[in-house]
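A.B. asks: Provided below for reference: sequence and predicted model.
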Amino acid sequence: MTEKISQNTKGRGMKERTEERKQRPWKEGGKKRQRHGEEERGRGGGGGDGGGLRKRLDAMSVGYFRRVSERLEEGFAEDEEKALFVENVLSEVRGRAFLVATDVTGSVTLQRLLPLASPAQVSGVLAELGGASGAEFQAVSCDRCGGHVMESALRQMSRWTGETEHHLEEGSSEAGDCGTLEAQVLCLSGVVTEQAAEFIRHTHGSHVVRTLIHTLGGCIGPARSQTPAGGKESKSSAVLTDFEAPPSFGPVLRRLALALIENVSTCVTDSAASAVLQTMLAVCHRKRPKLCKRLTKGIMGYLTSLSAAPGVSPLLVFLKDQASSRLIETVLQTSHKALLRDLYKNHLRGQLVTLALHPIANFPVQRLTAASTSYKLFLKVFEELIEGLEAILAAGHMGVIIQLAESCAEWEEKQGQLLQCLLQAFHCADPPSLQTSCLPLFLSLLTHEVYYGDQTAGGNSETQRPLASICYHGSRLVQSLAKFKDRTLLLNSLRQLSPADLLTLGTDQSGSHVLQALLTSSSDKGRGKILRRLEGQYVQLACSRFGSRVLEAVWNSTTVSQKQGIAQELAPSESVLRSDQFARHVWGKLALTHFLKRRGQWLEIQTGQSKKRKMFNDILE
């Protein structure tokens, strides 16, 4: 049958193949399964019919769409072949689009087929799924399989501008087809707006609404089907691709946004509805700032108007709730200066440390810290959080500390105070001789006495224990501190590490980012001191998955003499490096073949690149 599907792309109609199939000896088996499953629950399950009994695709159709899906995976050599194939498959879908969309196999096939279809063809599928008035849109959108088809169809609207311009230039009627697709999107939007409460609460329907919001706003993200198996779904901050949405989408987006505000009580308590409103905030923040401002004021106005204990802001209760706290996080990320100032002054002042210690509320505190970085409000947030720094560290809520450090990178006057408080929290501030041990402590998130045990502070206790316990959040903290203007303390601590410890740091998944950040941000003189301590370790560094990346990144910031030193150590180990899966890329990146055979030319190239880099750095400064 796969061969027949291939022949179909060469001009053989799908209907002809259907007639041939009727003569197959296994037709009776298909019939039997069809009769048996005719009144069974749909293969898609979870539909808008409340899980009732309904028709399903027969076995032959399921097999057909499975083979179509396999053929789509193979791709097409010519556009004409692709267009003919798509048209033939869609001819099989006509008249039973709902059954196909809500079937597991049919749904997957349609999701792969629609990106290859023309706007008119996508519009035709939507028109059949929605019915004459669009009344059927809710049923298919709230089906666990049909919802994915609806999302795929909506995503094709992002091709509207490019295809319209292309067909207008060619004088084609396809421009009108795009308008037909636009009409179907508007029809769906009307249905969703009228029945917003039902859509946003539904597990599958809410995802369709989120895709619809992106489409109306003119910015689309990666499809859900592109999420790796077993992986987490993309966050709202995922990369979005802008496109020029039709002018008619603006007012419709506004009406949908106002409908969500009318259901704000549902959005606050229901996780699916909350995700829809978060999507609306993110899209409006990106494309409709005035509408976003109205939304954030409306949400916060509702949250702060509810009753609470005397003298306690109701917002504090919502900040500790799983669903509403996520919504508040998005509100804080998209809020304007006046709203942030009002929230802090009237609801959060004096409560930040308590919230930072809470397992859920500490995340909104992180968003508030990040959002206030551009304003003087950050100074008040900083002073409040710095008082509870050690308690926050003890609670293990490193996100708050890391965000505080990230924000301080833009507030130079607070950098020294934060660093001193960190030294005190890790018990290495006094005597000053202990401060050079700060890097291993920060990386492991352990205090001095815990990390070094009963060894005495005097002498060489710090250099006697090999570097260990490098953790992700410790690495993130040091990377943030590496952005400070004065990095002397970190660099001094780095130079205290033995060559073996430097190799451990450079080849560790989390530690490699720290070594790279400190080396690339150092002066030529400071970098040279660290590179000299790394001598004898370059081959092992190059043969490491993470160390090789550090070496390549550092290479771009080193002087010509430093590059020569690295190349001279690596070149004699050509056979080892070229046979290693990671080091062979280093060999090519550093042009070590040229270094061995054409040293003069290699020097000229490296000198020229160094001069260009210095010139651009001078311009940027």
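C.D. replies: Cool, got the structure.
A.B. asks: can you pull the contacts of S313?
C.D. replies: Taking Cβ atoms under 8 Å, 6 or more residues apart in numbering, we find S313 in contact with T304, N346, H347, L348, Q351. Placement of C-beta: from N, CA and C, glycine included.
A.B. asks: so what's the first one closest to, chain neighbours aside?
C.D. replies: Closest residue in space to T304, ignoring its immediate chain neighbours: L315 at 5.5 Å, by Cβ to Cβ, 6 or more residues apart in numbering.
A.B. asks: got it, and S141?
C.D. replies: S141 sits nearest to V208 (Cβ to Cβ, 6+ apart), 4.2 Å away.
A.B. asks: before we move on, what about Y472?
C.D. replies: Y472 sits nearest to S510 (Cβ to Cβ, 6+ apart), 5.0 Å away.
A.B. asks: thought the one you found was touching L467?
C.D. replies: No. Here S510 lies out of contact with L467, judged by Cβ atoms under 8 Å, at a distance of 12.0 Å.
A.B. asks: overlap of the contact sets of those two?
C.D. replies: Taking Cβ under 8 Å, 6+ apart as the contact rule, S510 and L467 both touch L443.
A.B. asks: hang on, the earlier thing: check which helices and strands the helix or strand containing the residue nearest to T304 sits against.
C.D. replies: Per DSSP states H and E: L315 is located in helix 314-319. On a contact count with 3 or more Cβ pairs under 8 Å, 6 or more residues apart in numbering; DSSP states H and E, helix 314-319 meets helix 289-305, helix 322-334.
A.B. asks: now render the ones you listed as CSV, adding mean neighbour count, mean pLDDT and distance to R545.
C.D. replies: Below are the helices and strands packed on helix 314-319 laid out as CSV (neighbours: other Cβ atoms under 10 Å; pLDDT from 0 to 100; distance: least, Cβ to Cβ, whole Å):
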stretch, mean neighbour count, mean pLDDT, distance to R545
helix 289-305, 17, 93, 42
helix 322-334, 21, 93, 34
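A.B. asks: in a markdown table: those helices, plus distance to E384.
C.D. replies: Converted to a markdown table, the helices and strands packed on helix 314-319 look like this (distance: least, Cβ to Cβ, whole Å):
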| stretch | distance to E384 |
| --- | --- |
| helix 289-305 | 20 |
| helix 322-334 | 16 |
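A.B. asks: returning to that earlier point: how about the contacts made by the residue nearest to S141?
C.D. replies: If you count contacts by Cβ under 8 Å, 6+ apart, then V208 has S141, G147, M150, E151, L154, V192, F199 around it.
A.B. asks: what is the burial count for the last one?
C.D. replies: F199 is surrounded by 27 other residues when neighbours are defined as other Cβ atoms under 10 Å.
A.B. asks: thought M150 was touching G130?
C.D. replies: No. M150 lies out of contact with G130 (Cβ under 8 Å); the separation is 9.4 Å.
A.B. asks: element containing D342, please.
C.D. replies: Residue-wise, D342 maps onto helix 337-343 under DSSP H and E.
A.B. asks: so which of the contacts of V208 comes closest to K287?
C.D. replies: Nearest to K287, judged by Cβ to Cβ, of the contacts of V208 is L154 at 16.3 Å.
A.B. asks: which residues does the closest one contact?
C.D. replies: Per Cβ under 8 Å, 6+ apart, neighbours of L154: V185, L188, V208, T211, L212, T215.
A.B. asks: let me know the angle separating the helix or strand harbouring the third one from helix 289-305.
C.D. replies: For V208, the enclosing helix or strand under DSSP H and E is helix 205-217. For helix 205-217 and helix 289-305, the angle between their directions (axes from the mean of the first three to the mean of the last three Cα atoms, to 10 degrees) works out to 140 degrees.
A.B. asks: so how far is helix 205-217 off the chain centroid?
C.D. replies: The chain centre lies 17 Å from the centre of helix 205-217; the measure is Cα atoms, centre = their mean, to the nearest Å.
A.B. asks: ok, now stretch 481-494?
C.D. replies: With Cα atoms, centre = their mean, you get 30 Å for stretch 481-494.
A.B. asks: now swap in stretch 470-485 and tell me
C.D. replies: Remark: stretch 470-485 is offset 21 Å from the chain centroid, using Cα atoms, centre = their mean.
A.B. asks: only C-alpha atoms, please: export stretch 131-143 in PDB.
C.D. replies: The C-alpha coordinates for stretch 131-143 follow below in PDB (Å, rounded to 0.1, in the frame of the first residue of the first chain):
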ATOM      1  CA  GLY A 131     -19.900  23.600  10.800                       C
ATOM      2  CA  ALA A 132     -22.000  26.300   9.100                       C
ATOM      3  CA  SER A 133     -22.000  28.700  12.100                       C
ATOM      4  CA  GLY A 134     -18.900  27.500  13.900                       C
ATOM      5  CA  ALA A 135     -20.900  25.700  16.600                       C
ATOM      6  CA  GLU A 136     -18.800  22.600  16.200                       C
ATOM      7  CA  PHE A 137     -15.500  24.300  17.000                       C
ATOM      8  CA  GLN A 138     -15.900  23.600  20.700                       C
ATOM      9  CA  ALA A 139     -16.300  19.900  20.300                       C
ATOM     10  CA  VAL A 140     -13.200  19.400  18.200                       C
ATOM     11  CA  SER A 141     -11.100  21.900  20.100                       C
ATOM     12  CA  CYS A 142     -11.900  20.100  23.400                       C
ATOM     13  CA  ASP A 143     -10.900  16.700  22.000                       C
END
